[in-house]
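Chemist: Give me a 3D structure for the following:
(chains A and B)
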Amino acid sequence: MTLTIALPSKGRMKEDATAVFERAGLPVSAIGNDRSYRGRIEGVDGVEVAFLSASEIARELGAGAVDFGVTGEDLVRESLPRADERVEIAARLGFGHADVVVAVPDIWKDVDTMADLGDVAADFRARHGRRLTIATKYWRLTQNFFSTRHGIQLYRIVESLGATEGAPASGAADIIVDITSTGSTLTANHLRILSDGVILRSEACLVRARKPAHGDDPRIEALMAAVRAVC
Amino acid sequence: MTQFGAPAFAADLARALAARETNRVDIPLIQPAEPFLDMAGEDLRRRIFLTESETGESLCLRPEFTIPVCRAHIAEGVATPRRYAYLGEVFRQRRDGSSEFFQAGVEDLGEPDEARADARAVSDARALAAEFAPGAALTITLGDQSVFEAVVAGLGLPAGWQKRLIHAFGNEQALRAMIARLASPDSSAAPDGAVAAFLAAGDAAGLEAHIESVMEATGYSTHASRSPAEITARLMDKQALAATRLSAASLAALKSFLALDVTLDRAAAALSSFARDAGLDIAAAQARFEARLSALAARGEDLATMRWRAAFGRPLDYYTGLVFEVAVGEAGLVLAGGGRYDRLMALLGAREPIPAVGFSLWLDRIETVRAGR
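Modeler: Residues are numbered from 1 along each chain as shown, chains lettered A, B, ... in the order given. Next up, the predicted model:
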């Protein structure tokens, strides 16, 4: 059986991921020219590398179309319902750090915790004639965090596919759920992370699709051990 | 066996509903999704079947009847009081059971005698469940959010706490956590320097002006949903609350109230002895509660066979008073559920307040009980 490893197709994520594999003694090379979307691992037969976008990698892992992938934990947990049943986080790779956070306008000085936000959400309709709105591309993570973890039901999600941090100032939404690495973009947009508003501390991970065929394939454990040894 | 199509007893049930002075209403299968998401919250999104129209409108397969029946009533501007009945398929993703199943029920809109309307809803639901699941040992449980609201008001708790408690009512875990938190010190961080100084000086006007000037300086004010006045008021409230704890007496009273669980024939006495022991004046709520019990007895219901559980509620903000359930068996399979939702009509755009109470029957579960007989 050919094993397929999906790696990010561009940018820092691509460089950092190939560097990890290199350190693990699994040098990746592109087939054909270096912009090719297919690759292999030098000196290892029966392993194919597919270069995909980070969000596609999460989806393909969920569908079991690839055996391994390097992608952000945020994308895995956002794209896949019951992620832990379908994939295994085999190693945390130490790059691509980003937190998924709940941020409110800094001037909401009375809102410091999710409990405060729950109070505001409960009253919002009566005061403003509509529900509290949250701009985010993280539907699933937001719903789990608000509904399951904090018992907040009364809000609406406004889908945002870019520049989410601008939504409160433009009036597109009241608050946001977004990723941040240093928090500087949030600060620049006069937003503040709630003190208990970190939904997920994400980083790039080596993720394995849980496939039955992996059980008796010694290459699986060997590959995970090699990567873990250098992270 | 998964069953498609209406259960065999549906035609008889439709006749039984018509005999209870109702107007049968037909509701389109395809519904705009917005009103459901707006009323029940974003969490509903993953439990309904959504699609989008060519013009981008969110549509869904009918997930329940109450909201569309109320919307149709408002749109047609029909005079009240009016009792609607429905019977049809609904579509919801469930962990157990099929995603398409039948429900039937009654929505009673605009009946000014609330005790009478409440009693009628409970008694219709009980009678229909008994008729169509014959021989089943039914458990009937009532709750009443307005009694809980009167208790928290009567305890003299700060307004902010009352709101939190009422909001958590119906979700027993959340309510217990909330009570525990109100009884222990507030752990939220102190606000930053400028705000803290205004708060320390008790200067609300200064604080509001400060917030307004920051909003203007940061270009946020044009689209600000929450005004400086709203933020200031909540900051002042929080400061007042930070110094207070739920007193031992209030905590004990809340706990003993929420533990009340008695048959309806003893419910009025249990509530009044609770109020006396806790030193609470909740006479108005007691009177409404007792009026409902009398109305139930007047309909010939046997109060000794129904229970009142003080902690029983539904955590949706349009339920305002009575909630009830008709269940069967050890596992408490719910055959019918209902309640009073006076706030829903206004939320859906009715121009004047319309009191409303209703219930729905789960036909697939009734079918299961019939099959097992």
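Chemist: tell me the phi and psi of residue 90?
Modeler: No chain specified, so I'll use chain A. phi -80, psi -30 (degrees, to the nearest 10).
Chemist: wait, chain B
Modeler: phi -120, psi 160.
Chemist: how close does the closest residue to chain A within chain B sit to residue A:173?
Modeler: Here chain B gets closest to chain A at one residue, residue B:223, 2.9 Å apart by CB to the nearest CB. (Each C-beta comes from the backbone N, C-alpha and C, glycine too.) Distance from residue B:223 to residue A:173, counting by CB to CB, to the nearest Å: 10 Å.
Chemist: Equivalent analysis for residue A:89, please.
Modeler: From residue A:89 over to residue A:173 (counting by CB to CB), the distance is 31 Å.
Chemist: Would you mind telling me which of those two has more residues around it?
Modeler: Neighbours per residue, other CB atoms under 10 Å in any protein chain shown: of residue A:89 and residue A:173, the larger number sits with residue A:173, 24 against 14.
Chemist: does the nearest residue to that one once chain neighbours are set aside count as helix, strand or coil?
Modeler: Leaving aside its chain neighbours, residue A:173 sits nearest to residue A:135 (3.6 Å; criterion: CB to CB, 6 or more residues apart in numbering or on different chains). What DSSP: H, G, I helix; E, B strand; the rest coil gives for residue A:135 is strand.
Chemist: who touches residue A:135 in this structure?
Modeler: The neighbours of residue A:135, taking CB atoms under 8 Å, 6 or more residues apart in numbering or on different chains as the test, are A:157-160, A:164, A:167-168, A:172-173, A:175-178.
Chemist: Show me which helix runs longest in chain A.
Modeler: helix A:114-128 (DSSP state H).
Chemist: For that helix, C-alpha coordinates in CSV please.
Modeler: Provided in CSV are the C-alpha atoms of helix A:114-128 (Å, rounded to 0.1, in the frame of the first residue of the first chain):
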residue,chain,number,x,y,z
MET,A,114,-17.5,34.5,29.2
ALA,A,115,-20.0,34.9,32.1
ASP,A,116,-20.1,38.6,31.4
LEU,A,117,-20.6,37.9,27.7
GLY,A,118,-23.4,35.5,28.7
ASP,A,119,-25.2,38.3,30.6
VAL,A,120,-24.8,40.7,27.7
ALA,A,121,-26.1,38.1,25.2
ALA,A,122,-29.1,37.3,27.4
ASP,A,123,-30.2,41.0,27.4
PHE,A,124,-29.1,41.8,23.9
ARG,A,125,-32.4,41.2,22.1
ALA,A,126,-34.4,43.3,24.6
ARG,A,127,-32.0,46.2,24.3
HIS,A,128,-31.1,46.2,20.7
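Chemist: Does that helix reach chain B?
Modeler: Yes: applying CB under 8 Å from any CB of the partner chain, one finds helix A:114-128 touching chain B at A:115, A:116, A:118, A:119, A:120, A:122, A:123, A:125, A:127, A:128.
Chemist: Derive a PyMOL selection command for the buried subset of these.
Modeler: With 16 or more other CB atoms under 10 Å in any protein chain shown as the criterion, this PyMOL line picks the buried residues out of the residues of helix A:114-128 next to chain B:
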select buried, chain A and resi 115+116+118+119+120+122+123+125
